[in-house]
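[1] coords below, sequence missing:
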């Protein structure tokens, strides 16, 4: 039976009040871009409130983003952006970090941001934990990289306990088994072994310590799994009860790829964003994330044939950006992803060559509502894509609102 390292030990990453939908990438990015457009202004600025209300409407956010009599996004939930190293912890003014500005400007792709979070997220989080909480962790000699640990557990389950069919974790298993054991500094292999034993009835955890005793603790712990699912590391298979959802890692990979390659920390006041971004781009983690995302999408939505046929027909079986006509390497890309409410219709689709599709989905290629093509530094530096056009004419059958939405929130 594991013992708590200290009485208040639990996993909490960002805010003390859970608003899980704020980890939805379009909402998260949409709010960050409002902050960026109004940097050095007060959060109560009417223009900030108006634009947050627009983000709330266009992303169909289930929580109020604009300020109301009972809710102030910055006061109540600003830690979602502060705790990820994108918003400075200054009070009274909106102040982004250098990394925050680059993410808001699209200079860091969604995949690169996710990779940075996995590598650098640590408990206790120095930007969201109180000094007393941090002291408790330090006195116990405890520091945990929770996102890395979860992925290591999934890899161990798949590699040593039954393959990809068991490479999942439930929020209940995370809270009742993984978190208590992590507090004793055991390895991911040991945690995976205990989870496997519990599933086969060989382990009784009924007397184990409760590391989610307060009202919202279980939701705060679950946010780590939501992040991994929202950003493509895992695929969520829902159950009737959210604590029994299964978060799958569909393809095992070399966990060593998640090792933090730099001593630069996003939590440092003087963090060098360029070094952090460059190190991530030269690691294999972004490509691993994209591969996981592709597999998860395929498994979650096997019936995409009709959408593909309608999109390829609309584009005369040609890649919209390269003119490629070999059918085996043409795919139908969603402008607004289905996971964010996009429809399986040709007005929400683009015919793209396989590699162009991957770059489009990962944010390395962006299409502005004007038709201008925005290429990431990696794509610009590659000779293979030097012939891509700088501007395209968006077909009349494509819904321009879909292009605007993607440009704003993805």
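    Cool, got the structure. Every value quoted in this text rests on a predicted model; they were computed, and no experiment measured them.
[2] mind listing the strands in this protein by residue range?
    168-169, 235-237, 246-248, 330-334, 349-353, 365-367, 373-375 (DSSP state E).
[3] list the strands paired with the fourth one, with their directions.
    Which is strand 330-334. strand 349-353 (antiparallel) (DSSP bridges).
[4] so what's residue 144 bridging to?
    Taking DSSP bridges, one obtains residue 123 as the residues bridged to residue 144.
[5] oh, and call the first residue 30 from now on, that's how I've got it
    With the count now opening at 30, the last piece we talked about shows up as residue 173.
[6] report pLDDT for it.
    Listed pLDDT for residue 173 reads 96.
[7] tally of neighbours for it?
    17 (other C-beta atoms under 10 Å). Placement of C-beta: from N, CA and C, glycine included.
[8] would CSV of the strands of the chain with mean neighbour count and mean pLDDT be doable?
    Formatted as CSV, these follow (neighbours: other C-beta atoms under 10 Å; pLDDT from 0 to 100):
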stretch, mean neighbour count, mean pLDDT
strand 197-198, 24, 96
strand 264-266, 18, 92
strand 275-277, 22, 96
strand 359-363, 22, 92
strand 378-382, 25, 96
strand 394-396, 20, 95
strand 402-404, 16, 95
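[9] closest one to residue 152 among the ones you listed?
    Closest to residue 152 of the strands of the chain, according to C-beta to C-beta: strand 197-198, at 17.1 Å.
[10] so what's the spatially most central residue of the chain scoring on pLDDT?
    The centre of the chain sits closest to residue 260, judged by C-alpha atoms, centre = their mean, with a distance of 3.1 Å. Residue 260 carries a pLDDT score of 91 in this model.
[11] what's stretch 102-119 in contact with?
    For stretch 102-119, contacts defined as C-beta atoms under 8 Å, 6 or more residues apart in numbering pick out 42-46, 48, 51-52, 57, 60-61, 64, 72, 81, 92-96, 123-126, 128-129, 132-133, 146, 149-150, 154, 156-157, 295-296, 300.
[12] okay, now the unreliable bits of this structure?
    Applying pLDDT under 70 to the chain flags the ranges 97-100, 105, 288-291, 326-332.
[13] contacts only, for residue 31.
    Residue 31 makes contact with 209-210, 212-213, 237-238, according to C-beta under 8 Å, 6+ apart.
[14] now neighbour count too, for the residues you listed, in a markdown table please.
    Formatted as a markdown table, these follow (neighbours: other C-beta atoms under 10 Å):
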| residue | neighbour count |
| --- | --- |
| 209 | 24 |
| 210 | 23 |
| 212 | 22 |
| 213 | 13 |
| 237 | 18 |
| 238 | 16 |
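[15] ok, residue 65 - contacts?
    125, 129-130, 133-134.
[16] same thing with residue 166?
    Taking C-beta under 8 Å, 6+ apart as the test, what residue 166 contacts is 34-35, 152-153, 158, 172.
[17] buried ones from the contacts of stretch 102-119, can you make that a ChimeraX selection?
    Those of the contacts of stretch 102-119 that count as buried under 16 or more other C-beta atoms under 10 Å are selected in ChimeraX with:
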select :42,43,44,48,51,52,57,60,61,64,72,81,93,94,95,96,123,125,126,128,129,132,133,146,149,150,154,156,157,295,296,300
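[18] just the contacts of stretch 102-119: which are in helices?
    57, 60-61, 64, 81, 128-129, 132-133, 146, 149 (DSSP state H).
[19] farthest pair in those?
    81 and 149 (26.9 Å).
[20] quick one: the closest residue to residue 232 other than its chain neighbours and residue 185, what's the gap?
    Computed as C-beta to C-beta, 6 or more residues apart in numbering, the closest residue to residue 232 that is not its neighbour in sequence is residue 226, at 4.0 Å. According to C-beta to C-beta, to the nearest Å, residue 226 and residue 185 sit 13 Å apart.
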